[in-house]
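1. Return a 3D structure for these sequence lines:
(one chain, ligands or ions: 1)
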Amino acid sequence: MLEAQDIGGGTSTTSTKLVHGGVRYLESAVKNFRYADWKLVREALRERAWMLQSHPQLAKPLPIVVPVRTSWERLYYGVGLKLYELLSPSSYKLGPTHWLASKALYSFFPAAKAGFRGGWQYWDGQFEDRLYAVHLALFLRQRYGVEVRTYARVTAMRLVKGHVRVEVETPLGLRYEEEGDWLVNATGPWSDRVRRLIRPEAPARLRLSRGSHLVVPRSALPIQAGFLIPRTEDGRLLFVLPWKDETVLVGTTEVEEGQPTWKVPVSEEEEAYLRAYVAQYFEVEEPLPVQARFAGYRPLVRAGRGPSARLARSHVVEVWPQLRTVKPPRGQMDHLPSHGGRHCPGYSFGFGAAFAGWRSSREHCTGLVGARGVMPGLSPACGAGRIVLRGRGTVLAAVRMGPLPPRCGGRAVAAASD
Ligand SMILES: Cc1cc2nc3c(=O)[nH]c(=O)nc-3n(C[C@H](O)[C@H](O)[C@H](O)COP(=O)(O)OP(=O)(O)OC[C@H]3O[C@@H](n4cnc5c(N)ncnc54)[C@H](O)[C@@H]3O)c2cc1C
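-> The predicted structure follows:
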C-alpha cells in the first residue's frame, strides 16, 4: 500500500467525523424520489451500526438536536427524523428520535439564541478518523502482512511484460519502481490525477468540493450535544458538534474546486461564513475564538452541472482491465473482454463515498476485480470472505473485518460510457 502522505493524510482526517446515514440524503430521497439516495442512506445506516459495534473505542453514539422555531418546522423535521430512525437496522437502534421541549433544549445549549420552541433529538455516531485510519493500516500489516509505505507518492505507471509498474517518489526526491499484478487506485480526491498517469486523455470523473471546519473552545461555545443548523442559504446542513472534551467542531462549507492541492486552505470567506452562522444561532463572544481550522476535498462523482451539495455521496468503481498499447478514441473506455481466469494486468478505481462507507466501497472494488476472473483467489462476490491482494513486490489489500451487511451498494461503471 503506497501512501503519498502520512496515514489518513488526505480527506479522511478532515471530515466532520460523523458515522451517519446522512439526514440530508434522506431529505433528497424523499423530495426528489431518488432511489439512489434512499439506498445510500440505508447502507450507510447499516455501516454506522457496524462501525459503532465493532470499534467502540474509536466510534461512539452522538445525540444531535435540530432546533425548531415554527410548527411547520416541528412537523417537517419530526417526520423526517422519525423516518431516519425507522430506517436504521432493527438489530442495532441507537435510541429513539424524540421531542425536546424548549427548557431541555436550552439546558443542552445554554448559549442558543432565544426563540426556539424546542427541537428534535436524534442519534448518529462520531468517530476518531485519524486513529481509525491508523488502526486499519496496522490491522492490515499485523493480520495480513501488508507492507504499508507512507510518504511514497506514485508519479508514473505503465504496463511492462504483463505487470503494472509504478514509479514511486519520496519527499527527498528519491525515486524507485514497484511492480504488481493489479493496481487499485484509492486516492480519493486525487483519483482523476492518478487515472491520467495512465491515460492523460481520460475525462474527469470527479467534482471536488472543499469543506472547511473551525475548532472552537467549548468554553466559548458551550454545547452538550450536537446541534444541526438544518438549512443554510445555499441549502446545506451545518453542524456544531462536541469534539473531544474541550472543543467544538463547526462545519462545513461547500466550495467547488478544480484541482486538489496537498495542503488544503480554509479561505477567509469560508471562515466568515461559518462564524456568521454560529452568531446567527448562538450568543457568543465576538470575535469567536478559533483554535484551529482544517479543510478537505469531497471526492464527488460527476452528475450534471447542479450545485455540488446536491450530488449523491455514493461510490463508483471503474475497472480498466488492460492498458491498450493503442489509445482508445477520446472519451471512450476499454470494453471488458472475458479473460476466463487468464492473467491480465489492470487497474481499478474507487471514487466517492463517505469514510464511514469505506468497507462496502473497497469490497465492491475488489469484488469487481475478482469478478473479471483476472486475479485468481480474489473473491468475485461482495462480502464473500476475506480478500487479500498480493502483487509482486507490492501488496495491495482489502479486508473484511467483521459481519457484513447482506448487500454492497454503489454503482459499477465497468465499461463504456464516460
Ligand atoms: C468537509 C468534509 C466532511 C466530511 N464529513 C464526513 C463525515 O462526517 N463522515 C464520513 O463518513 N465522511 C465524511 N466525508 C467524506 C470522507 O471524508 C471522504 O469521502 C473519505 O475520507 C475519502 O476517503 P479516501 O480514502 O477515498 O480519500 P483520502 O482520505 O483523501 O485518501 C486518499 C489518499 O491517497 C493519497 N494519494 C493521493 N495521490 C497519491 C499518489 N499519487 N500516490 C500515493 N498516494 C496518493 C493521499 O495522500 C490520500 O491520503 C467528509 C468529507 C469532507 C471533505
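
2. and the strand ranked longest in the chain, average pLDDT?
-> Criterion DSSP state E: the longest strand present in the chain is strand 206-217. Mean per-residue pLDDT for strand 206-217: 93.

3. same deal with stretch 67-74?
-> 96.

4. picking that back up, tell me which residues of the longest strand of the chain are tucked away?
-> Neighbour-count burial for strand 206-217 flags Leu206, Arg207, Leu208, Ser209, Arg210, Gly211, Ser212, His213, Leu214, Val215, Val216 (criterion: 16 or more other CB atoms under 10 Å). To be clear about C-beta, it is placed using only N, CA and C from the backbone, and glycine gets the same treatment.

5. Turn the residues you listed into JSON lines, columns for distance to Gln291.
-> What follows is the buried residues of strand 206-217, written out as JSON lines (distance: CB to CB, whole Å):
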{"residue": "Leu206", "distance to Gln291": "31"}
{"residue": "Arg207", "distance to Gln291": "31"}
{"residue": "Leu208", "distance to Gln291": "26"}
{"residue": "Ser209", "distance to Gln291": "25"}
{"residue": "Arg210", "distance to Gln291": "20"}
{"residue": "Gly211", "distance to Gln291": "18"}
{"residue": "Ser212", "distance to Gln291": "14"}
{"residue": "His213", "distance to Gln291": "11"}
{"residue": "Leu214", "distance to Gln291": "8"}
{"residue": "Val215", "distance to Gln291": "5"}
{"residue": "Val216", "distance to Gln291": "7"}
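
6. These also near the ligand: which ones?
-> Gly211 (CB under 6 Å from any ligand atom).

7. Is any residue of stretch 54-65 near the ligand?
-> No - counting by CB under 6 Å from any ligand atom, the ligand is not contacted by stretch 54-65; separation bottoms out at 10.4 Å.

8. re the thing from before, give the pairing partners of the longest strand of the chain; include direction for each.
-> Paired neighbours of strand 206-217 in the sheet (DSSP bridges): strand 247-251 (antiparallel), strand 255-257 (antiparallel), strand 292-301 (antiparallel).

9. gap between the last one and the chain center?
-> Relative to the centre of its chain, strand 292-301 is centred 10 Å away, using CA atoms, centre = their mean, to the nearest Å.

10. strand partners of the following helix or strand past it, parallel vs antiparallel please.
-> The helix or strand immediately downstream of strand 292-301 is strand 316-320, counting by DSSP states H and E. Within its sheet, strand 316-320 is paired with strand 346-351 (antiparallel), strand 411-413 (parallel), according to DSSP bridges.

11. ok, of the ones you listed, where does mean pLDDT dip lowest?
-> Taking the mean pLDDT of the strands paired with strand 316-320, strand 411-413 comes last: a mean of 31.

12. got the residues of the stretch 151-300 of the chain near the ligand?
-> Residues of the stretch 151-300 of the chain lying near the ligand (CB under 6 Å from any ligand atom): 153-154, 186-190, 194, 211, 252, 296-299.

13. Any quick PyMOL command for the buried ones out of those?
-> Selection of the buried residues among those in PyMOL, burial being defined by 16+ other CB under 10 Å:
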select buried, resi 153+154+186+187+188+189+190+194+211+252+296+297+298+299
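
14. Would you check which pair of the residues of the stretch 151-300 of the chain next to the ligand lies furthest apart?
-> Val154 and Thr252 (28.6 Å; CB to CB).

15. Which parts of the stretch 151-300 of the chain are helices?
-> 191-198, 268-281 (DSSP state H, counting those that start in this stretch).

16. Of all those, which one comes closest to Ala44?
-> The nearest among the helices of the stretch 151-300 of the chain, by CB to CB, is helix 191-198 at 20.5 Å.

17. list the helices and strands that closest one packs on?
-> Judged by 3 or more CB pairs under 8 Å, 6 or more residues apart in numbering; DSSP states H and E, helix 191-198 is in contact with strand 153-160, strand 182-185, strand 346-351.

18. Identify the residues contacting Trp123.
-> By CB atoms under 8 Å, 6 or more residues apart in numbering, the residues touching Trp123 are Pro61, Leu62, Pro63, Ile64, Glu85, Leu94, Gly95, Thr97.

19. hmm, which helix or strand of the protein has the shakiest average pLDDT?
-> Least confident helix or strand of the chain, by mean pLDDT, DSSP states H and E, is strand 411-413 with a mean of 31.

20. Show me which of the buried residues of strand 206-217 is closest to Leu52.
-> Among those, and counting by CB to CB, the member closest to Leu52 is His213, at 21.9 Å.

21. and the closest residue to the closest one other than its chain neighbours, how far is that from Phe227?
-> Nearest non-adjacent residue to His213, counting by CB to CB, 6 or more residues apart in numbering: Gly251, 3.4 Å away. For Gly251, the distance to Phe227 equals 12 Å [CB to CB, to the nearest Å].

22. So for those two, which residue has more residues nearby?
-> Phe227 (26 against 23; other CB atoms under 10 Å).

23. residues in contact with the nearest residue to that one once chain neighbours are set aside?
-> Closest residue to Phe227 apart from its sequence neighbours, by CB to CB, 6+ apart: Val240 at 4.2 Å. Contact analysis of Val240 by CB under 8 Å, 6+ apart lists Leu221, Ile223, Gly226, Phe227, Leu228, Ile229, Val248, Leu249, Val250, Val278, Tyr281, Phe282.

24. From those residues, pick the one nearest Val164.
-> Leu249 (39.5 Å).

25. what residues are up against that closest one?
-> Leu249 touches Thr16, Lys17, His213, Leu214, Val215, Val216, Phe239, Val240, Leu241, Trp243, counting by CB under 8 Å, 6+ apart.
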